[in-house]
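*Asks:* Kindly generate the corresponding structure for this input.
(chains A, B, C and D)
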Number of protein chains: 2
Amino acid sequence: MTQDYFNQINKQVSKCAIFTNEELATFNSLLEYKEVPKKTYLLREGEACQFEAYIISGCIRTYFIDENGAEVVLQFGIEDWWVSDIASFHEGSPSKMFIETLEDCKLFLFSPQTKEELLIKIPKFERVFRLMLQRNLSVTQNRLINNITKSATDKYLDFISRYPTIPQRVAQHHIASYLGISAEFLSKVRAKLAKK
Amino acid sequence: MTQDYFNQINKQVSKCAIFTNEELATFNSLLEYKEVPKKTYLLREGEACQFEAYIISGCIRTYFIDENGAEVVLQFGIEDWWVSDIASFHEGSPSKMFIETLEDCKLFLFSPQTKEELLIKIPKFERVFRLMLQRNLSVTQNRLINNITKSATDKYLDFISRYPTIPQRVAQHHIASYLGISAEFLSKVRAKLAKK
DNA sequence: TTCATTTCTTGTCCTAGTTCAATGTTTTAG
DNA sequence: CTAAAACATTGAACTAGGACAAGAAATGAA
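*Replies:* Residues are numbered from 1 along each chain as shown, chains lettered A, B, ... in the order given. Down below sits the predicted model:
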């Protein structure tokens, strides 16, 4: 049962580097497994983020509250994604973000301590986390570029082609927030698209 | 003379981790020093990025051409910043970016090979590069947030307070592009701000 | 099954920012 | 020192998208 979950995460990390079975076993022994119901906060503004979470199943959003008091969605997370406030996690500094489950979730968690232990025992994992960061950076850069150069319609089309499963799983106004447009306008964009 | 430059970069990396003098000497021996005149391209679209550059002095911009053929500035680099297309550098994949010097530059360069060699000889440097990536990610996230939530005026004010030396060094339309607004509108924003 | 809450849609009016075009200013190359 | 580029400013006309309001649909808890 849980072995399936280990297999799932092992498959993912094995895309970054080649690990022996013993190494993977050590890796797995350091993971904390956790099930979390929907609408649970894994992190709130002001807290130090104590985890890097790997999503076995479920759906999560990361957001913060801007100066005007509006929620801004920073990231959605689904199966096989990592979720954390990396800066807060590494520096122990208070986070500006909220991390909330949108569906019941099955997660593997690292604490700062277990991550440290893993990296000391198997330095090859540095590579895994570096690649994660790089991918994260490149996703964020892409999003920034889309935000600067594309119309609301194009941003939405890009989103659904990039993440085809998400629109069925999360509220539309969360997607609007992620895209940086108003919920009402997204609705109008969709209406216009549907007419074709 | 060049020793000053080594001291400069050593001081920076020593903020990330503690290194012995021998380690720093090894580090320095792997750096390639290069002087580059202004308006030189370090990277063009389609090329594989062969360097991670540390800027001793000078100013650089990274940009790409969007679907409509317009330049979009992704990043400015000045003293003590690192510049590269990290994805392209690590994967050897063709870059979508241009990297151009805006002033005469003094640089230290890593190639994929020398970086690899450094990380093998002194694994502690993994940390330096990971922190670089994290900082980069957090800058990019911040910029995205500003882009989504702030008005043109606020974005500009945020920019000049965050990077007070850059406005005197680079063309205004490059800053407009970085902020994701038109050059004309930035000019109007500035005119309005000046009136107060 | 019902009532309440959350989510989605649609319309009207409004504004921040764009585009285009003309003019002025600064920088650069020879 | 001069001509040519590159850059910056200003104005007028236009538009993508926002804010607000009110109703419809879906979800969910009891």
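
*Asks:* Contact residues of chain A facing DNA strand D?
*Replies:* A:151-153, A:180-182, A:184-185 (CB under 7 Å from any atom of the strand). Backbone N, C-alpha and C define where each C-beta goes, glycine included.

*Asks:* let's see 10 Å
*Replies:* A:38-39, A:68, A:70, A:103, A:147, A:150-156, A:168, A:171, A:176-177, A:179-189, A:192 (CB under 10 Å from any atom of the strand).

*Asks:* can you tell if the helix of greatest length in chain A touches chain B?
*Replies:* As assigned by DSSP state H, the longest helix anywhere in chain A is helix A:125-149. Yes - using CB under 8 Å from any CB of the partner chain, helix A:125-149 reaches chain B at A:126, A:129-130, A:133-134, A:136-138, A:140-141, A:143-145, A:147-149.

*Asks:* Quick one: residues in contact with that helix.
*Replies:* Applying CB atoms under 8 Å, 6 or more residues apart in numbering or on different chains, the contact partners of helix A:125-149 are A:13, A:16-17, A:27, A:82, A:86, A:115, A:118-119, A:154-155, A:158, A:179-180, B:64, B:66-68, B:70, B:72, B:74, B:86-87, B:90, B:123, B:126, B:129-130, B:133-134, B:136-137, B:140-141, B:143-144, B:147-148, B:180.

*Asks:* what's the angle from that helix to helix B:125-149?
*Replies:* Orientation check (axes from the mean of the first three to the mean of the last three CA atoms, to 10 degrees): helix A:125-149 against helix B:125-149 gives 20 degrees.

*Asks:* ok, and for helix A:125-149, which residues are buried?
*Replies:* A:125-126, A:128-134, A:136-137, A:140-141, A:143-149 (16 or more other CB atoms under 10 Å in any protein chain shown).

*Asks:* Of the residues you listed, which ones also sit close to DNA strand C?
*Replies:* Okay, of the buried residues of helix A:125-149 touching DNA strand C (CB under 10 Å from any atom of the strand), that's A:148-149.

*Asks:* Buried subset of the residues of chain A next to DNA strand D, written for PyMOL?
*Replies:* Buried subset of the residues of chain A next to DNA strand D, written as a PyMOL selection, criterion 16+ other CB under 10 Å:
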select buried, chain A and resi 103+147+150+152+153+155+156+176+177+179+180+181+186+189
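
*Asks:* and the residues of chain A next to DNA strand D, which of them are in helices?
*Replies:* A:147, A:152-156, A:176-177, A:179, A:183-189, A:192.

*Asks:* Stretch A:81-98 near chain B at all?
*Replies:* Yes - where contact is defined by CB under 8 Å from any CB, part of stretch A:81-98 touches chain B, namely A:86-87, A:90.

*Asks:* Neighbour-wise, give me the winner out of those residues.
*Replies:* A:Ile86 (21 neighbours; other CB atoms under 10 Å in any protein chain shown).

*Asks:* In space, what's closest to that residue - neighbours in sequence excluded?
*Replies:* Distances taken as CB to CB, 6 or more residues apart in numbering or on different chains put B:Gln134 closest to A:Ile86, at 5.8 Å, once the chain neighbours are dropped.

*Asks:* what number of residues lie near A:Ala191?
*Replies:* Neighbourhood size, A:Ala191 [other CB under 10 Å]: 9.

*Asks:* and it, what pLDDT?
*Replies:* Model confidence at A:Ala191, given as pLDDT, is 96.

*Asks:* Need the mean per-residue confidence for the longest helix of chain A.
*Replies:* Per-residue scores along helix A:125-149 average to 92.

*Asks:* Return the distance of it from the chain's centre.
*Replies:* 12 Å (CA atoms, centre = their mean, to the nearest Å).

*Asks:* and whichever residue of chain A sits closest to DNA strand D, what does it touch?
*Replies:* Closest to DNA strand D within chain A is A:Phe185: 3.2 Å, counting by CB to the nearest atom of the strand. Contact analysis of A:Phe185 by CB under 8 Å, 6+ apart lists A:152, A:176.

*Asks:* repeat for the one 4 residues further on
*Replies:* Under the criterion of CB under 8 Å, 6+ apart, the contact partners of A:Val189 comprise A:152-153, A:156, A:181.

*Asks:* which two from those residues end up farthest apart in space?
*Replies:* Using CB to CB, those reach their maximum pairwise distance at A:Thr153 and A:Ile181, which is 9.7 Å.

*Asks:* in a strand, that's where A:Phe88 is, yeah?
*Replies:* Quick fix: residue A:88 reads Ser, not Phe. No - A:Ser88 is assigned helix when assessed by DSSP: H, G, I helix; E, B strand; the rest coil, not a strand.
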